[in-house]
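Novice: Sequence first, predicted model second:
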Amino acid sequence: MKLLMVGDVVSSNGTRFLREKLPSLKRALGIDITVVNGENSADGNGITPFSAEEIFSAGADVITGGNHTLRRREIYDMLDESLFVLRPANLPSAVPGRGVCIMDMGKTRVAVVNLLGNYTLSADCPFKAADEIIKSLNDEGINNIFIDLHAEATGEKRAIAFYLDGRVTAIMGTHTHIPTADCEIMQKGTAYVTDVGMTGPKNSCLGVKPECVIRSLKDKMPTRFEAANNEASRLDAVVVEFDEKTGKAINIERITVE
Ligand SMILES: [Fe+2]
Ligand SMILES: [Fe+2]
């Protein structure tokens, strides 16, 4: 089977481009399951029911989140009500929603897990959370487990990958909006990439108009970050091919669409 993971969708530029490109991409690649990180999909950051619906209508099966998921209150009910809009699993239980979903694929079940890193972000221990989640999924007989690891530090992502190698099907990093060139199958059969990248404005600073970021960093002036919405777009993703009987990855490949 094949799972497509699409990197952080940023603003209406990103959702528009996703709707334009995802359906044909899924057909061309023969994708069974599509996961899209949507934590920045709303204009003005965060995720709203509107931007989530845009992502679902483009063809996503599951939407994952990150440190910006809770920014917009409008999404809280949807997090509670939809089984397929995730927020990081390792947040306090008072936070609405859930961080794990299980897809029934007929012949097998596939779990998607959203985890948040600890370095510069605020989360409960991702190692411990992963241990608990993997145990409960294995107890239910599920061994196809895909993790969207939303984290800042490359070293932390790499350490978590070694810790989980052989216990999950794939660990796909998100959050930095910068695609990394390190797709690999690890020694014990887990597919790994440090960061999938971004779907949104191409000539931007992580999705934001460069002049806003320059003003903030160079002049140290409080600056409202505006999405670079009129720019050309790009879509970054990885495709993981896996053996659904063993839960092991067979191949991981990077896709970029411009
Ligand atoms: Fe993001
Ligand atoms: Fe993030």
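Specialist: Received it, and whenever you're ready, just let me know what you need. Quantities reported herein were computed from a predicted structural model and do not represent experimental measurements. Ligands and ions are numbered 1, 2, ... in the order given.
Novice: closest point of the protein to ligand 1, which residue?
Specialist: Asp8 (3.6 Å; CB to the ion). In short, each C-beta sits where N, CA and C put it, glycine included.
Novice: From ligand 2, how far out is that residue?
Specialist: 7 Å (CB to the ion, to the nearest Å).
Novice: And the strands in the stretch 51-200 of the chain?
Specialist: 62-64, 100-104, 109-116, 144-150, 170-174, 184-185, 191-193, 198-201 (DSSP state E, counting those that start in this stretch).
Novice: Minimum distance to ligand 2: which of those has it?
Specialist: Once these are compared by CB to the ion, strand 144-150 is nearest, at 5.7 Å.
Novice: Provide the secondary structure category for Thr256.
Specialist: strand (DSSP: H, G, I helix; E, B strand; the rest coil).
Novice: Report the contact partners of it.
Specialist: Applying CB atoms under 8 Å, 6 or more residues apart in numbering, we find Thr256 in contact with 179, 197, 234-237.
Novice: any chance of those in JSON lines, plus neighbour count, pLDDT and distance to Ile55?
Specialist: Below are those laid out as JSON lines (neighbours: other CB atoms under 10 Å; pLDDT from 0 to 100; distance: CB to CB, whole Å):
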{"residue": "Pro179", "neighbour count": "22", "pLDDT": "98", "distance to Ile55": "19"}
{"residue": "Gly197", "neighbour count": "25", "pLDDT": "98", "distance to Ile55": "16"}
{"residue": "Arg234", "neighbour count": "22", "pLDDT": "97", "distance to Ile55": "16"}
{"residue": "Leu235", "neighbour count": "23", "pLDDT": "98", "distance to Ile55": "12"}
{"residue": "Asp236", "neighbour count": "24", "pLDDT": "98", "distance to Ile55": "15"}
{"residue": "Ala237", "neighbour count": "27", "pLDDT": "98", "distance to Ile55": "13"}
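Novice: Rebuild those residues as CSV, extending it with distance to Ile255.
Specialist: Formatted as CSV, the contacts of Thr256 follow (distance: CB to CB, whole Å):
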residue, distance to Ile255
Pro179, 10
Gly197, 10
Arg234, 11
Leu235, 8
Asp236, 7
Ala237, 5
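Novice: neighbours around Ala111, how many?
Specialist: 24 (other CB atoms under 10 Å).
Novice: wait, Gly66
Specialist: Count around Gly66 with other CB under 10 Å applied: 27.
Novice: Kindly report the same for Lys220.
Specialist: Neighbours of Lys220 (other CB under 10 Å): 8.
Novice: do Cys212 as well
Specialist: 17.
Novice: quick one: which helix or strand includes it?
Specialist: helix 210-218 (DSSP states H and E).
Novice: Return the alpha-carbon coordinates of that helix using CSV.
Specialist: The C-alpha coordinates for helix 210-218 follow below in CSV (Å, rounded to 0.1, in the frame of the first residue of the first chain):
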residue,chain,number,x,y,z
PRO,A,210,9.8,38.0,3.2
GLU,A,211,9.6,41.7,3.8
CYS,A,212,7.6,41.1,7.0
VAL,A,213,10.2,38.7,8.3
ILE,A,214,13.1,40.9,7.3
ARG,A,215,11.4,43.9,9.2
SER,A,216,10.9,41.8,12.3
LEU,A,217,14.4,40.3,12.3
LYS,A,218,16.5,43.3,11.0
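Novice: Quick check: what element follows the one helix or strand in the chain whose mean pLDDT sits lowest along the chain?
Specialist: When the helices and strands of the chain are scored by mean pLDDT, DSSP states H and E, helix 210-218 comes last with a mean of 94. Going down the chain from helix 210-218, the next helix or strand is strand 233-243, by DSSP H and E.
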